[in-house]
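A.B. asks: here is a sequence with its predicted model. Questions after.
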There are 2 protein chains.
Amino acid sequence: MGESLTESRTETTLPAPGRQRYGAPRQAAGTPEGRGTIGTQRDGRPAPAEGHEAAMLLERARAEVDPVLRAALGSLPGPMRRIALYHFGWEQADGTAAEGSSGKAVRPALVLAAAAAGGSEARAGATRAAAAVELVHTSTLLHEDALDRATTRRHRPTAWTVFGDADAVLAGDALQALALRLLAQDPHPAAPAAAARLADCVVELCAGQHAYTAMQRRAPAEVTLDEVLVMAEARTGALLGGACAIGGLYAGASQAEVAALDAFGREAGLAFQLIDDVIGIWGDPHCADEPAGADPAAREKSLPVVAAFASGHPAATELAELCARPGGTGDPEHIALAVERAGGRDWAQGQAADRMARAMQQLARAVPDPEAAGGLLDLAELVTRRAG
Amino acid sequence: MGESLTESRTETTLPAPGRQRYGAPRQAAGTPEGRGTIGTQRDGRPAPAEGHEAAMLLERARAEVDPVLRAALGSLPGPMRRIALYHFGWEQADGTAAEGSSGKAVRPALVLAAAAAGGSEARAGATRAAAAVELVHTSTLLHEDALDRATTRRHRPTAWTVFGDADAVLAGDALQALALRLLAQDPHPAAPAAAARLADCVVELCAGQHAYTAMQRRAPAEVTLDEVLVMAEARTGALLGGACAIGGLYAGASQAEVAALDAFGREAGLAFQLIDDVIGIWGDPHCADEPAGADPAAREKSLPVVAAFASGHPAATELAELCARPGGTGDPEHIALAVERAGGRDWAQGQAADRMARAMQQLARAVPDPEAAGGLLDLAELVTRRAG
């Protein structure tokens, strides 16, 4: 599925620098206009290794947003601060400094990349909004870990296992409040609209998490593909879309452009989720970090598995038997094989490609200038790279 | 303790109507200036039964804020909406309409009364903010009930007992988001400052709830009075103060006036908490709704009990023995007697009077015009009435 994205990237060309990106006359991405392809760097040097630009965007976003996040967390009362700093990977449970990772900063990078499509000034004005989106993301992770009884996050014990359920929930509440306070105190004219959209994302994330939890109580064969797609969009797509839309708001994008940015983030998010599910079952060819089938229970309602059940293929019956085995979810390898034979893997990869294509269409609508869209394309590429 | 409030109310006099209330030249409450005392109604009719005006303010606030709240809840996705409507007392668990009470609306009434001190236009502009404060309050109740394992709220099973922990937490998250969305979408120039202050309240409420939970794990004698006062201010005072401050913001009050309104709400809130604790242990002379000593476990770290422990009175030793009895918290009546003999009841009532006096001082600083302060005085009177 990586091909469609790679193609669209090598076909797109750069416009003259410095032009207004949002609100520009519509043209299809890929219209020849300028100085070179995005496959080369903007100064004409050969393109770096695939994913390198995205990694740099993430690193830069992390560097810009972290001081805002640290200041925000620093304003919390002691016990809430301690939990938040632990959850961010910045402190050990005993309060000593940690060198842990606080995550990839995909969402802040999307906010900044979407804002950057409106120029470097728009990007600089969106740092606080990028931090706010990350705070909401972190807040939902704190709550989800506690509600799902997840024991590990980023190779460390989850906050609720260290500080207890109640304090993890309270710290999550405080982080949500910090996020919306950052925007309330942001003098940028886009801040109120961004705050409203971020609040909408929280509500959709809650609905998605509810749907996820409710699904865990049902047999895999009872869950429809539509339901899982809606759930995945709410749990994963909503905030990725929200991040892009908020970046667009800070760049002065029109309502239609903001909607297209939202759709871009949602579609790319669903593609990411599909690929993440594939990796969860069959492993990542690029990375030995997470073993294949590491968490079969969590994967039981994943998109490829539900697709396999819905396929009507004889292997689906075999799959149902494997999943219904008393005392467990069956052997992960056998399940993976049955899902593959029932077409779950192919379906997921095809869907991911389809979603990425739709994401590209939405991006071309929102930011027709391919140079301006470069950062968002780079970040979307993370997905295709994982897809292998 | 009711005396100090009543005195200050009968001594204060009304100014000429229609003048600018906030930002007016400072004068002590009670300076003779006008047409009559607050002990009479504003049209000169005799004052109604004590508490009647406050009841009318609450009822009016409820009537004005409920449509905004219902519209906000109506925007939630199905499952979140159902939990929220149940928690508000507006629906049964099965989704049929309920005639249940959604609470006294003290906080919205405080927002509106503080705004009304700036004139009726300012009051009318603050409805959305009043609803936002109530949403935050309701959100924290949802979470607190789940975290404290409380089984009853307003004579009904708590939401988490009906819908489960996870969904109750998620619905609380969604309500917090709705609150801040209401303010983000409010075009009033005070909305951003109000949103920031409301977010600060959430953080303080979380810290207060954390302190409360942590205290439950300690022996009563180990808890200091200062700790319990700080905890009670965060849990009860913060949002009552925030409600008054937000109302002031909508009335265009100065920073100093907003600070004084915040202090008024906090002091009145602490007075309320002290009296609530007294009623929890010894019963309400005005109301048979809640039996005395109804929940001795919850009252064990209440203000009168901790004060009794700190008294050094011989009865404190007896109290420690009663509380340390294996398998329970001892007989409520014996504990109540020991707390009283150790001076816990007198201390709490004295503190409550002291806090109310401070509240009145702050109110006079914020709103020197006694007519303009009338609504806030009426609401504070609820406290003295309960004190008997």
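C.D. replies: Received, thanks. Residues are numbered from 1 along each chain as shown, chains lettered A, B, ... in the order given.
A.B. asks: low pLDDT regions in the stretch 251-388 of chain A?
C.D. replies: Within the stretch 251-388 of chain A, the ranges that satisfy pLDDT under 70 run A:284-300, A:326-330, A:383-388.
A.B. asks: run through the residues of it sitting next to chain B.
C.D. replies: Neighbours of chain B within the stretch 251-388 of chain A, by Cβ under 8 Å from any Cβ of the partner chain: none found. For every residue, glycine as well, the C-beta is placed using N, CA and C.
A.B. asks: where do the helices of the stretch 251-388 of chain A begin and end?
C.D. replies: Counting by DSSP state H, counting those that start in this stretch, the segments of the stretch 251-388 of chain A that form helices are A:255-282, A:296-299, A:303-310, A:314-323, A:332-341, A:344-366, A:374-387.
A.B. asks: adding mean neighbour count and distance to A:Gly241, write the ones you listed out as TSV.
C.D. replies: Below are the helices of the stretch 251-388 of chain A laid out as TSV (neighbours: other Cβ atoms under 10 Å in any protein chain shown; distance: least, Cβ to Cβ, whole Å):
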stretch	mean neighbour count	distance to A:Gly241
helix A:255-282	24	4
helix A:296-299	17	23
helix A:303-310	26	18
helix A:314-323	17	32
helix A:332-341	20	28
helix A:344-366	22	10
helix A:374-387	23	12
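A.B. asks: want to throw those helices into a markdown table with distance to B:Gly252?
C.D. replies: Shown next, in a markdown table, are the helices of the stretch 251-388 of chain A (distance: least, Cβ to Cβ, whole Å):
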| stretch | distance to B:Gly252 |
| --- | --- |
| helix A:255-282 | 32 |
| helix A:296-299 | 53 |
| helix A:303-310 | 53 |
| helix A:314-323 | 63 |
| helix A:332-341 | 63 |
| helix A:344-366 | 40 |
| helix A:374-387 | 42 |
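A.B. asks: OK, contacts around A:Ala338?
C.D. replies: Taking Cβ atoms under 8 Å, 6 or more residues apart in numbering or on different chains, we find A:Ala338 in contact with A:308, A:315-316, A:318-319, A:322.
A.B. asks: try A:Ser75
C.D. replies: Contact partners of A:Ser75, counting by Cβ under 8 Å, 6+ apart, are A:178, B:203.
A.B. asks: how about it, phi and psi?
C.D. replies: Summarising the backbone geometry of A:Ser75 under the convention degrees, to the nearest 10, its torsions are phi -80, psi -10.
A.B. asks: tell me how far it lies from A:Ala199.
C.D. replies: When Cβ to Cβ, to the nearest Å is applied, the distance between A:Ser75 and A:Ala199 equals 20 Å.
A.B. asks: excluding chain neighbours, what is closest to A:Ala336?
C.D. replies: Distances taken as Cβ to Cβ, 6 or more residues apart in numbering or on different chains put A:Ile281 closest to A:Ala336, at 5.0 Å, once the chain neighbours are dropped.
A.B. asks: right, and the one you found touches A:Ala308 too?
C.D. replies: No - under the criterion of Cβ atoms under 8 Å, A:Ile281 lies out of contact with A:Ala308, with a separation of 10.1 Å.
A.B. asks: now do the shared contacts for the two.
C.D. replies: Overlap between the contact sets of A:Ile281 and A:Ala308, as judged by Cβ under 8 Å, 6+ apart, is given by A:Val339.
A.B. asks: tell me the buried residues in stretch A:136-152?
C.D. replies: For stretch A:136-152, the buried set under the neighbour-count rule, 16 or more other Cβ atoms under 10 Å in any protein chain shown, comprises A:136-148, A:150.
A.B. asks: show me which of those is closest to chain B.
C.D. replies: A:Leu147 (4.2 Å; Cβ to the nearest Cβ).
A.B. asks: helices of the stretch 1-150 of chain A, start to end?
C.D. replies: Using DSSP H, counting those that start in this stretch, the helices assigned to the stretch 1-150 of chain A run over residues A:2-11, A:52-74, A:78-87, A:106-116, A:120-124, A:127-148.
A.B. asks: out of the ones you listed, which comes closest to chain B?
C.D. replies: Once Cβ to the nearest Cβ is applied to the helices of the stretch 1-150 of chain A, the stretch that comes out nearest is helix A:127-148, at 4.2 Å.
A.B. asks: please name every helix or strand in contact with that closest one.
C.D. replies: Helices and strands touching helix A:127-148, by 3 or more Cβ pairs under 8 Å, 6 or more residues apart in numbering or on different chains; DSSP states H and E, are helix A:52-74, helix A:78-87, helix A:106-116, helix A:159-163, helix A:165-184, helix A:191-216, helix A:238-250, helix B:165-184.
A.B. asks: try 7 Å this time
C.D. replies: With contacts taken as 3 or more Cβ pairs under 7 Å, 6 or more residues apart in numbering or on different chains; DSSP states H and E, helix A:127-148 sits against helix A:52-74, helix A:106-116, helix A:159-163, helix A:165-184, helix A:191-216, helix A:238-250, helix B:165-184.
A.B. asks: and those helices as CSV, adding mean pLDDT, distance to B:Ala342 and mean neighbour count?
C.D. replies: Conversion of the helices and strands packed on helix A:127-148 to CSV gives the following (pLDDT from 0 to 100; distance: least, Cβ to Cβ, whole Å; neighbours: other Cβ atoms under 10 Å in any protein chain shown):
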stretch, mean pLDDT, distance to B:Ala342, mean neighbour count
helix A:52-74, 95, 41, 18
helix A:106-116, 97, 55, 30
helix A:159-163, 96, 35, 22
helix A:165-184, 97, 31, 27
helix A:191-216, 96, 47, 23
helix A:238-250, 98, 54, 31
helix B:165-184, 97, 38, 27
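A.B. asks: nearest to B:Ala93, of the ones you listed?
C.D. replies: Nearest to B:Ala93 among the helices and strands packed on helix A:127-148 is helix B:165-184; the distance by Cβ to Cβ comes to 11.9 Å.
A.B. asks: alpha carbons only: can I get that closest one in PDB?
C.D. replies: The C-alpha atoms that make up helix B:165-184 are tabulated as PDB, following Å, rounded to 0.1, in the frame of the first residue of the first chain:
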ATOM      1  CA  ASP B 165     -16.600   2.600  36.600                       C
ATOM      2  CA  ALA B 166     -15.200   3.000  33.200                       C
ATOM      3  CA  ASP B 167     -18.200   4.600  31.600                       C
ATOM      4  CA  ALA B 168     -18.800   6.800  34.700                       C
ATOM      5  CA  VAL B 169     -15.200   8.100  34.400                       C
ATOM      6  CA  LEU B 170     -15.600   8.600  30.600                       C
ATOM      7  CA  ALA B 171     -18.900  10.500  31.000                       C
ATOM      8  CA  GLY B 172     -17.200  12.700  33.600                       C
ATOM      9  CA  ASP B 173     -14.400  13.400  31.100                       C
ATOM     10  CA  ALA B 174     -17.000  14.300  28.500                       C
ATOM     11  CA  LEU B 175     -18.800  16.700  30.900                       C
ATOM     12  CA  GLN B 176     -15.600  18.500  31.700                       C
ATOM     13  CA  ALA B 177     -15.000  18.900  28.000                       C
ATOM     14  CA  LEU B 178     -18.600  20.200  27.500                       C
ATOM     15  CA  ALA B 179     -18.000  22.800  30.200                       C
ATOM     16  CA  LEU B 180     -15.000  24.200  28.600                       C
ATOM     17  CA  ARG B 181     -16.500  24.000  25.100                       C
ATOM     18  CA  LEU B 182     -19.400  26.100  26.400                       C
ATOM     19  CA  LEU B 183     -17.000  28.800  27.400                       C
ATOM     20  CA  ALA B 184     -14.900  28.400  24.200                       C
END
